[in-house]
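> Build me a structure from this.
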Amino acid sequence: QVQLVESGGGLVQAGGSLRLSCEASGRTFSRYVMGWLRQAPGKDREFVAAISGSGGITDYADSVKGRFTISRDNAKNIVYLQMNRLKPGDTAVYYCAARGSWLNHRTGEYDYWGQGTQVTVSS
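The predicted structure follows:
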């Protein structure tokens, strides 16, 4: 069982930056692929970024590539999402999630989910 708690959301102006954090419980954190997904009002939840258990492989949605960076600290059981050059279109609830396999990590089928943190980008 893995419990995930996100933090770091808030209100920011377009062009600004935020860093989201997700702290995980448990001693097997490094075994999990960690992902960030988001859901905007009236829209389906979508993949944002993912990182392999070792941190050596990352993947990003085209919409955030070059602006967002996912990273993890396995010693601290934390995964981060650094978000730069934010746009109003990035406004959403951001979820941290964990799954056992890298295969199909973009599908949104994760085993464990955090409660979500709101990110609002004003124009």
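> drop to CA atoms for contacts and neighbour counts, all remaining ones
OK.
> so what's Gly35 up against?
Residues in contact with Gly35 (CA atoms under 8 Å, 6 or more residues apart in numbering) are 47-51, 96-98, 105.
> beta partners for the closest residue to it other than its chain neighbours?
Using CA to CA, 6 or more residues apart in numbering and skipping the chain neighbours, the partner closest in space to Gly35 is Ala50 (4.1 Å). For Ala50, the beta-bridge partners are Gly35, Asp59 (DSSP bridges).
> Strands of the chain, residue ranges please.
4-7, 10-13, 18-24, 33-39, 46-51, 58-60, 68-73, 78-83, 92-99, 112-113, 117-122 (DSSP state E).
> hang on, isn't Trp36 packed against Val93?
No - look at Trp36 against Val93 with CA atoms under 8 Å: they stay out of range, at 10.3 Å.
> Looking at those two, which is more packed in?
Trp36 (27 against 18; other CA atoms under 10 Å).
> So for the residue lying closest to the more buried one once chain neighbours are set aside, what pLDDT did the model give?
Distances taken as CA to CA, 6+ apart place Cys96 nearest to Trp36, at 4.7 Å, with adjacent residues excluded. Here, the pLDDT recorded for Cys96 equals 98.
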